[in-house]
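Novice: Need the 3D shape of this:
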Amino acid sequence: MFAECGLDKELVSKAKPNTFKPSSEYYKFLEKNHPYRKVWDLSGEFGRTPKDSVSGNKATQSWKELKKAVSIKDQISAKKHLLNFKSSLAELAKTNSEASFLSANLKKAAFLLLSEDSNYSSFKELAKELSEGETQRK
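Specialist: Presented below is the predicted three-dimensional model:
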């Protein structure tokens, strides 16, 4: 095909395939610049690594474990991981005001998932664990 365009065949034979993938670079950019990266492990969220890998972020790992417990309908384990998630967010919130804001948002999102999402319908009572103390601050 390139020969038809008048390119030298020798030059074409030396050409290497492009290893630059714009989509991969875009996802790296998103991951690197995402505001929640300070409190949440985003690896795997943009399709770059397997989602079942162990996270170094305690809150992220606790949520992954909670999701596993929900999938096998293990109430005791789910509650344990939810409490770990909650305490990890509290730890992160102590870092600075931005981390505190982002952690609070993650906690609200988790509350909404547990109380409203049909995937967590048999675990709705766990949402109370996240709402305790919230009414005292309002």
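Novice: Going by C-alpha atoms from here, please, whenever you check contacts or count neighbours.
Specialist: OK.
Novice: And for Asn96, the neighbour number?
Specialist: Residues near Asn96, counting by other C-alpha atoms under 10 Å, number 9.
Novice: For it, give its distance to Ala59.
Specialist: Relative to Ala59, Asn96 is positioned 16 Å away (C-alpha to C-alpha, to the nearest Å).
Novice: cool, Lys124 as well?
Specialist: Between Lys124 and Ala59 the distance, using C-alpha to C-alpha, works out to 20 Å.
Novice: Of these two, which one has the most company?
Specialist: Neighbour totals were compared for Lys124 and Ala59, and Ala59 leads with 27 against 17 (other C-alpha under 10 Å).
Novice: Just say helix, strand or coil for the spatially most central residue of the chain.
Specialist: For the chain, the residue sitting closest to the mean C-alpha position, by C-alpha atoms, centre = their mean, is Leu42 at 4.3 Å. Secondary structure, DSSP: H, G, I helix; E, B strand; the rest coil: Leu42 is coil.
Novice: give me the element the closest residue to it other than its chain neighbours is part of.
Specialist: Spatially, and ignoring its direct neighbours in sequence, Leu42 is nearest to Glu31 (6.3 Å; C-alpha to C-alpha, 6 or more residues apart in numbering). Secondary structure from DSSP states H and E places Glu31 in helix 22-33.
Novice: Which residues does the very next helix or strand once past that helix contact?
Specialist: Remark: after helix 22-33, the chain's next helix or strand is helix 58-71, criterion DSSP H and E. By C-alpha atoms under 8 Å, 6 or more residues apart in numbering, the surrounding residues in contact with helix 58-71 are 39-41, 54-55, 75, 77-79, 81-82, 84-86, 88-89, 120, 123.
Novice: Would you list the buried entries among those residues?
Specialist: Among the contacts of helix 58-71, those buried by neighbour count (16 or more other C-alpha atoms under 10 Å) are 39-41, 55, 77-79, 81-82, 84-86, 88-89, 120, 123.
Novice: and the least confident of those residues?
Specialist: Of all those, Ser55 has the smallest pLDDT value, namely 85.
Novice: Distance check, that residue against Phe123.
Specialist: Separation of Ser55 from Phe123 (C-alpha to C-alpha) stands at 24 Å.
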